[in-house]
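Asks: Got a sequence here, can you build the structure:
(chains A and B)
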Protein chains: 2
Amino acid sequence: MRLKASQRCAEVESFKVMDLLKRAGELEAQGFKVLHLEVGEPDFPTVPEVISAAQEALRADCTGYTPAAGLPQLRQAIAEFYAQHYRVQIAPEQVLVTPGASGALLLAFSWLTDVGDEVLMADPGYPCNRQFLRVLGAKAQTLATGPETAFQLTAKMIKEAWHEKTVGVLLASPSNPTGTLVSSEEMQQIAAEVAARGGQLLVDEIYQGLTYGVEAHTVLSEVPEAIVINSFSKYFGMTGWRLGWLIAPQSIVLEMEKLAQNLFISPPTVAQYAALAAFSETALACFEQRRHAFAARRDYLLAGLKRLGFQVPAVPEGAFYIYADASALTDDSFAFAWELLETCQVAITPGADFGLHQAGRYLRFAYTQEIEIIEEALQRLQVFLAQR
Amino acid sequence: MRLKASQRCAEVESFKVMDLLKRAGELEAQGFKVLHLEVGEPDFPTVPEVISAAQEALRADCTGYTPAAGLPQLRQAIAEFYAQHYRVQIAPEQVLVTPGASGALLLAFSWLTDVGDEVLMADPGYPCNRQFLRVLGAKAQTLATGPETAFQLTAKMIKEAWHEKTVGVLLASPSNPTGTLVSSEEMQQIAAEVAARGGQLLVDEIYQGLTYGVEAHTVLSEVPEAIVINSFSKYFGMTGWRLGWLIAPQSIVLEMEKLAQNLFISPPTVAQYAALAAFSETALACFEQRRHAFAARRDYLLAGLKRLGFQVPAVPEGAFYIYADASALTDDSFAFAWELLETCQVAITPGADFGLHQAGRYLRFAYTQEIEIIEEALQRLQVFLAQR
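Replies: Next comes the predicted model:
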């Protein structure tokens, strides 16, 4: 037998943090208390309303296939959420429920690109985007970004970088790993540039709702023709349920549905019934409380990191990450993360997982842990830095 | 904006049965009782053991991400199931739990093919296989098969058809839509041909366990280096849970895991805890009872179709489908299916959904309904044929 991966598979990169995680597991098995500031998963449990709705679905044996684009009532509920919370009118048919945002990304990239096509995106960014495109025989056209543009692409950058293979742009607002946003004004200018070139704008709003001191927002307010990728994992705290959604302009929904039929059959059913309860008043109140908790953690961690000598030149206003510039402390953030884990049992994600541009300067700290743990992590960091 | 699908997306085909299903829905809304013999989903509810295990997972809030390849205890349970039921030794690490068999197919094809590569498979076959490859910029190299080879590829056919772009073969045993199997002897010869050409053998065993008068089997008994695609949807009756698995030779597991990390993050968590209970003695006893029920339905439907003038030259020994040759009754099976739905409200799947080869002769009948419904469908068919 062949037993040899395709070239595309060989080129797909694994998450560099995985080796650190493996080592963290070994340390934990030896009895060490590892502090996990690398995890992109909220520490809060699923809200009781969602759990109850799932239990009700199980009692009623609602476990069969659903339509490929999801339960009509869930598509409706998502559309209503946009109307109520973002004052944006979308038809329920524009919403495709997907197996996680991962499913939505696969749909969007499959719909947009042919083999050899390129999609503009910021470096640093969510690592899987590049790998999805690789698997499809397309390519991420990454542009180096820094604090001067809050690690986001600008209309000017897009205009200059666009070439004949470019078919679209992916923005993430709030962004992983930087927590930064794209302003409405910039978004409109970007959309105009993309439209002028006959491209398509995709916007990852997976961290929508998790903003601090800034109102939650959707690109659909200013660019109704954007394709939006979203998820129940982050604001709604439903990671392992594997449920996301995509919002597409009406004219392309049938094409997206056809893809979804073939690629997924349907999204997980119990999760869909459960997600219906995520829009209840009590659940939404709980999510808002959690947002306030995240805001407090951000403030605490941000102040702590700065005190220790990290620089955070672009204020993270969303998601639950701080992308800290450690260049005053190290010229190799990967080695730094590894040493920190070995000697002080604090796990963080090296910049190398998010791109190539000055990755050795940066470290991503997730504030998906209680403030007491963040406090202890900062103390250990202080000891670590004093010892070096 | 672009608002125009990529070429690959435009070329992806939708299921032809979807239009029929839409019409069936309209008829039902008008008060007609439609008999559904088109559905590839067992009518049995999820077994109580699995429901209870899911409820327990919800109570314990086991809803976070799991490792990309699935819960270690589930991988272990699947490996043990092979040892106990198929006397095949596989390491738990060889098992990758996936979001449905759809996820496993995406992994397998991404691993195997580069852009332009081709994978040999039988026409007729499961339609999504061709579409997965299209999305990846690769291609299904379909070979026309008929009753003389039980609609399966043979070593001889593979030998003759293999060309420089061919990188592997996908077999399905039991097959959708034909319910036929590949014998151990033929499988060995096929594996030898594939190995001699440096290709890879993939085997879809999604309907494993659903065989009638023939013992359940895995290709791993004779070809340990095959890549196997399987699912909790069919034998285990867990369709909407979206859980499948892939078994890979040890040497390529890490590559597969890397792909899974990037494409899925992880399979649905509650479904994974639930699936652990699918291997309990009581659950397995229930699945065996259901298998007997399917066997009785098959016998009943097979005899009934033959009585009405359909030919079924290759005996369906597995899955829950009969692929009936209707050429004595029609030269256009799609029009036949449509008329049958309109005038007698019986829904079946036209051959055109499964390929091009003599598709107009064939119709797929699913026996995923109680025998009383099958009886009524046969009566309506009789009236329909008498009226034509």
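Asks: Tell me the secondary structure at the closest residue to A:Gln369 other than its chain neighbours.
Replies: In space, and not counting its chain neighbours, A:Gln369 is closest to A:Asp43: 5.6 Å by Cβ to Cβ, 6 or more residues apart in numbering or on different chains. Any C-beta I mention is one placed from the backbone N, CA and C, and that applies to glycine too. Recorded secondary structure, A:Asp43: coil (DSSP: H, G, I helix; E, B strand; the rest coil).
Asks: A:Asp43 against A:Ile371, yeah?
Replies: No. Using Cβ atoms under 8 Å, A:Asp43 is not in contact with A:Ile371; the gap is 11.0 Å.
Asks: quick one, which of the two is more surrounded?
Replies: Neighbours around A:Asp43 and A:Ile371, counted as other Cβ atoms under 10 Å in any protein chain shown, are more numerous at A:Asp43. The numbers are 18 against 14.
Asks: Checking the closest residue to chain B within the stretch 101-250 of chain A next. Helix, strand or coil?
Replies: Closest residue of the stretch 101-250 of chain A to chain B, Cβ to the nearest Cβ: A:Gly240 (3.2 Å). Of the three states, A:Gly240 takes helix under three-state DSSP.
Asks: Tell me which residues touch it, please.
Replies: A:Gly240 is in contact with B:62-66, B:266, B:268-270, counting by Cβ atoms under 8 Å, 6 or more residues apart in numbering or on different chains.
Asks: Tell me who's in contact with the residue nearest to A:Gln369.
Replies: A:Asp43 neighbours (Cβ under 8 Å, 6+ apart): A:368-370.
Asks: Kindly report the same for A:Val270.
Replies: Contacts of A:Val270 by Cβ under 8 Å, 6+ apart are A:54, A:57-58, A:62-63, B:54, B:240-241, B:270-271.
Asks: re the thing from before, let's see which of the contacts of A:Gly240 end up in helices.
Replies: Taking DSSP state H as the definition of helices, the contacts of A:Gly240 contribute B:269-270.
Asks: end-to-end on stretch A:154-168?
Replies: End-to-end distance for stretch A:154-168, by Cα to Cα, to the nearest Å: 14 Å.
Asks: Can I take it that A:Asn230 is in a helix?
Replies: No. Applying three-state DSSP, one finds A:Asn230 to be strand, outside a helix.
Asks: hang on, it packs against A:Met238?
Replies: No. Using Cβ under 8 Å, A:Asn230 makes no contact with A:Met238, being 12.0 Å away.
Asks: near chain B, which residues of the stretch 51-200 of chain A?
Replies: For the stretch 51-200 of chain A, the residues in contact with chain B under the definition Cβ under 8 Å from any Cβ of the partner chain are A:51, A:54-55, A:58-59, A:61-66, A:99-100, A:102, A:106, A:110-115, A:117, A:127-128, A:131-132, A:135-137, A:167-168, A:191, A:194-195, A:198-200.
Asks: Buried among the residues you listed? Make that a PyMOL selection.
Replies: Buried residues within those, by 16 or more other Cβ atoms under 10 Å in any protein chain shown, are selected in PyMOL with:
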select buried, chain A and resi 51+54+55+58+62+63+64+65+66+99+100+102+106+110+111+112+113+114+115+117+127+128+131+132+135+136+137+167+168+191+194+195+199+200
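Asks: so does the least confident helix or strand in chain A by mean pLDDT get close to chain B?
Replies: None of the helices or strands of chain A scores lower by mean pLDDT, DSSP states H and E than helix A:17-29, at a mean of 91. Yes. Judged by Cβ under 8 Å from any Cβ, helix A:17-29 comes into contact with chain B at A:Met18.
Asks: And the strands in chain A?
Replies: A:35-36, A:95-98, A:118-123, A:139-144, A:166-172, A:200-204, A:227-231, A:244-247, A:321-325, A:346-347, A:349-350, A:362-366 (DSSP state E).
Asks: Given the fourth one, what are its sheet partners and their directions?
Replies: Paired with strand A:139-144 in the same sheet, following DSSP bridges, are strand A:118-123 (parallel).
Asks: Tell me what angle the strand it pairs with forms with strand A:166-172.
Replies: 30 degrees (axes from the mean of the first three to the mean of the last three Cα atoms, to 10 degrees).
Asks: who's in contact with strand A:118-123?
Replies: Here strand A:118-123 has contacts from A:109, A:112-113, A:129-130, A:133, A:138-145, A:151-153, A:158, A:161-163, A:165-172, A:175, A:202, A:354-357, using Cβ under 8 Å, 6+ apart.
Asks: gap between that strand and the chain center?
Replies: 15 Å (Cα atoms, centre = their mean, to the nearest Å).
Asks: could you check the angle strand A:200-204 makes with it?
Replies: Relative orientation of strand A:118-123 and strand A:200-204, computed by the same axes, to 10 degrees: 40 degrees.
Asks: Can I get strand A:118-123 in CSV? Just the C-alpha atoms.
Replies: Output of strand A:118-123 as CSV, limited to C-alpha atoms (Å, rounded to 0.1, in the frame of the first residue of the first chain):
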residue,chain,number,x,y,z
GLU,A,118,-5.7,33.0,-3.0
VAL,A,119,-7.5,34.6,-0.2
LEU,A,120,-6.1,37.6,1.6
MET,A,121,-5.8,37.5,5.4
ALA,A,122,-3.8,38.9,8.2
ASP,A,123,-0.7,37.4,9.7
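Asks: what sits against A:Leu27?
Replies: With Cβ under 8 Å, 6+ apart, A:Leu27 has these contacts: A:34, A:341-342, A:345.
Asks: at 6 Å instead, please
Replies: A:34, A:345 (Cβ atoms under 6 Å, 6 or more residues apart in numbering or on different chains).
Asks: Look up how far chain B lies from it.
Replies: 18 Å (Cβ to the nearest Cβ, to the nearest Å).
Asks: Mind exporting the C-alpha coordinates of stretch A:6-25 to PDB?
Replies: Taking C-alpha atoms only, stretch A:6-25 is exported to PDB below (Å, rounded to 0.1, in the frame of the first residue of the first chain):
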ATOM      1  CA  SER A   6      -0.600  13.500  -0.300                       C
ATOM      2  CA  GLN A   7       1.600  16.600  -0.800                       C
ATOM      3  CA  ARG A   8      -1.300  18.800   0.500                       C
ATOM      4  CA  CYS A   9      -1.600  16.700   3.600                       C
ATOM      5  CA  ALA A  10       2.100  16.800   4.200                       C
ATOM      6  CA  GLU A  11       2.100  20.600   3.900                       C
ATOM      7  CA  VAL A  12      -0.700  21.000   6.500                       C
ATOM      8  CA  GLU A  13       0.800  22.200   9.800                       C
ATOM      9  CA  SER A  14       0.000  20.900  13.200                       C
ATOM     10  CA  PHE A  15      -0.600  23.400  16.000                       C
ATOM     11  CA  LYS A  16       2.800  24.000  17.700                       C
ATOM     12  CA  VAL A  17       1.100  24.400  21.000                       C
ATOM     13  CA  MET A  18       0.200  20.600  20.800                       C
ATOM     14  CA  ASP A  19       3.800  19.600  21.800                       C
ATOM     15  CA  LEU A  20       3.500  22.000  24.800                       C
ATOM     16  CA  LEU A  21       0.200  20.500  25.700                       C
ATOM     17  CA  LYS A  22       1.600  17.000  25.600                       C
ATOM     18  CA  ARG A  23       4.400  18.100  27.900                       C
ATOM     19  CA  ALA A  24       1.900  19.800  30.100                       C
ATOM     20  CA  GLY A  25       0.000  16.500  30.400                       C
END
